[in-house]
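Trainee: sequence first, predicted coordinates after that:
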Amino acid sequence: MIIPPEILNLLIIAATAMVAAAPVVLLLLWLRDRKGGTLW
Amino acid sequence: MNSDPVLSADLGWLILALFSAVWIWLGWWLGRRAQGLDGFMLAGRKVGLALGTATAMATWVTSNTTMAAPQLAFQMGIWGMVGYSLGSIGLILFAPLAKRIRELMPQGFTSGDFIRLRYGNLAWRVFLVISLFYAFGWLISLGMAGGVLINALTGIDYHIGMSVIVAVCVSYTLLGGLRAVIGTDFLQSLIILTGIVILAVLAITKVGVDTMHEQVLMERPELLNLLFPAAIMFLFNNLLFGVGEIFHSNVWWSRAFAFREGVGFKAYLIAGLFWTPVPIVAGFLALTVPALNINVPTADMVGPLVAGELLGAGGAVLVFIVVFSALASSLDSLLAATSDLVLTDLYKGHLRPQAREEELVKAARWITLGLGIMTWLLCWPRITTLAELLYFTGAFVASTIWPVAAGLYWRSINPMGATLAMTLGTIIGLLSYFMIGFYVAALVAAAVSMTLVLLTTWLAPRSFDWQRLNPAPIPAREVR
């Protein structure tokens, strides 16, 4: 049972988009913690 | 294409020198305010959500993610990379455990503390053997990966590259303790994630998923087969392996102790969710091998070779920086956490029970240095491929899943049963590793361990007082 190209495409694009969102989320959390004095 | 380095050795040395200086300076700068043993070992127990999430992610994104994920995709196709991504289940499942650990042991230091107080000295010693064996397996895997990467990309000798990465991580961990580790992890996680995304986008636009699919289907169709039996076994094995690694290892426990109250659950959950796609993004690069007609001399070099071929010198620089960051972010964490385990459970636990805080702070630094030297010596001969080395420890760690998880929630777990579960789970898991294959070791170990924990608890239940995990009184609302 071979994975169809459309599914492979979806898997790769969705995974890449999620990884791209991660640094943004981390930076937002960092800003929030820094503002709230809860970084360390 | 051949396996010639894609970067000149001069450029390689420049990048190495630049990043080494940055990490060491940052480690010193972040660690200068660390006060006492809590400050050095656990960053003062006040780490917030941003740094907590980043350190969990960066530590789990190792050289084994950035290098072994393409290797596994190259060997096992779709299920190789998807199976690798299930390593995130360990982080996600550890989220409630981290909350529970912080509640039950607000003054705890190591995972060894928990096993000793929960199950007694025999289980503690069995656990220490497992935990230290795993820690060294991972340290060797990381050190070796450093040498392999630097050699593959720049032609700098394996032994020199490996020595540099180990020396840099030891230096800044020595200077700043866990504060340095967590602070550098934040920056490293941003570099790793951004770098992986850039590589993935360039690979998609240069080769295209359809072309990739078409060429793999022509040359190696088994890689796209959703019913590839060994790969499916690998998927479940990897899931349990990841859970075992995280549940038992002091790398994750020390963070649970270091995070401020209320942070552990959220940090591990967010880190797990965002980690899931990382091996898929790093791994699919290997599926471009047939389309690009690359000659891959050894499977553990497939990642750097594909990136070099796809993206030229600029891409190779990027891969170099990403994997150097991934290596450092894991190696520093492991050095710090293993040093804590050796200090608390071996030095103080067995050799110097009366040691005072000043002595322990000093000893912590010597132990970190000693661990670094041992790692360097063990990495010197390049023994086996990265994935094989990594999976050799699968039987050990998977046998601890049930004793750890059940011991945190169920009062009635039988301590002797937990000890037997770890011992026999490891032995039978190792036998299956050699008799069947690496992809079943964790599965078998976890199954044996589970059976023994449940059976002995059913036959001879015990009652445990949770207060014994914390010498200081805990408010009643915190312990259910």
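Mentor: Cool, the structure landed.

Trainee: for the stretch 251-400 of chain B, give the residue positioned nearest to chain A.
Mentor: residue B:277 (3.5 Å; C-beta to the nearest C-beta). (C-beta placed from N, C-alpha, C; glycine too.)

Trainee: how about that residue, phi and psi?
Mentor: Taking degrees, to the nearest 10, you get phi -80, psi -10 for the backbone angles of residue B:277.

Trainee: and if you look at residue A:2?
Mentor: phi -90, psi 140.

Trainee: what's around it, how many residues?
Mentor: 17 (other C-beta atoms under 10 Å in any protein chain shown).

Trainee: ok, it - contacts?
Mentor: B:217, B:221, B:224, B:225, B:226 (C-beta atoms under 8 Å, 6 or more residues apart in numbering or on different chains).

Trainee: go again with 10 Å.
Mentor: Residues counted as contacts of residue A:2 (C-beta atoms under 10 Å, 6 or more residues apart in numbering or on different chains) are A:8, B:78, B:213, B:216, B:217, B:221, B:222, B:223, B:224, B:225, B:226, B:227.

Trainee: among the residues you listed, which one sits closest to residue B:45?
Mentor: Proximity of those to residue B:45 (C-beta to C-beta) peaks at residue B:78, which lies at 42.3 Å.

Trainee: and the residue nearest to the closest one when sequence neighbours are not counted, what's its pLDDT?
Mentor: With sequence-adjacent residues excluded and distances taken as C-beta to C-beta, 6 or more residues apart in numbering or on different chains, residue B:78 is closest to residue A:3, at 5.5 Å. Here, the pLDDT recorded for residue A:3 equals 88.

Trainee: looking at it, residue A:3 is touching residue B:224, isn't it?
Mentor: Yes: using C-beta atoms under 10 Å, residue A:3 makes contact with residue B:224 at a distance of 5.1 Å.

Trainee: name the residues contacting each of those two.
Mentor: Common neighbours of residue A:3 and residue B:224 (C-beta under 10 Å, 6+ apart) are B:77, B:78, B:213, B:216, B:217.

Trainee: I'd like those residues as a markdown table, with pLDDT and distance to residue B:295 appended.
Mentor: Converted to a markdown table, those look like this (pLDDT from 0 to 100; distance: C-beta to C-beta, whole Å):
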| residue | pLDDT | distance to residue B:295 |
| --- | --- | --- |
| B:77 | 85 | 19 |
| B:78 | 87 | 23 |
| B:213 | 90 | 21 |
| B:216 | 89 | 16 |
| B:217 | 89 | 20 |
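
Trainee: filter those down to the buried ones, ChimeraX style.
Mentor: Applying 16 or more other C-beta atoms under 10 Å in any protein chain shown to those leaves a buried subset, and the ChimeraX line that selects it is:
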select /B:77,78,213,216,217
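
Trainee: from the shared contacts of residue A:3 and residue B:224, which is closest to chain A?
Mentor: Nearest to chain A among the shared contacts of residue A:3 and residue B:224: residue B:213, at 4.2 Å, using C-beta to the nearest C-beta.

Trainee: wait, what's in contact with that closest one?
Mentor: Applying C-beta under 10 Å, 6+ apart, the residues near residue B:213 are A:2, A:3, A:4, A:5, A:6, A:7, A:8, A:9, B:224, B:287, B:291.

Trainee: relative to residue B:209, which of those is nearest.
Mentor: residue A:9 (4.3 Å).

Trainee: what about the spatially closest residue to the closest one that is not a sequence neighbour, neighbour count?
Mentor: The spatial neighbour of residue A:9 that comes closest, neighbours along the chain excluded (C-beta to C-beta, 6+ apart), is residue B:209 at 4.3 Å. Burial of residue B:209, expressed as a neighbour count using other C-beta under 10 Å, amounts to 20.

Trainee: likewise the one 10 residues further on?
Mentor: For residue B:219, the count of nearby residues is 12 (other C-beta under 10 Å).

Trainee: I'd say the residue nearest to residue A:9 and residue B:284 touch.
Mentor: Yes: using C-beta under 10 Å, residue B:209 is in contact with residue B:284, at 8.3 Å.

Trainee: overlap in contacts, those two.
Mentor: A:8, A:11, A:12, B:203.

Trainee: tell me the two of these that are most distant?
Mentor: Taking C-beta to C-beta, no two of the shared contacts of residue B:209 and residue B:284 sit farther apart than A:11 and B:203, at 13.9 Å.

Trainee: which residues do these two both contact?
Mentor: B:209, B:281, B:284.

Trainee: make JSON lines from these and add pLDDT and secondary structure to it.
Mentor: Shown next, in JSON lines, are these (pLDDT from 0 to 100; DSSP: H, G, I helix; E, B strand; the rest coil):
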{"residue": "B:209", "pLDDT": "90", "secondary structure": "helix"}
{"residue": "B:281", "pLDDT": "92", "secondary structure": "helix"}
{"residue": "B:284", "pLDDT": "89", "secondary structure": "helix"}
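
Trainee: let me have those residues in JSON lines, extended by distance to residue B:176.
Mentor: Shown next, in JSON lines, are the shared contacts of residue A:11 and residue B:203 (distance: C-beta to C-beta, whole Å):
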{"residue": "B:209", "distance to residue B:176": "43"}
{"residue": "B:281", "distance to residue B:176": "31"}
{"residue": "B:284", "distance to residue B:176": "36"}
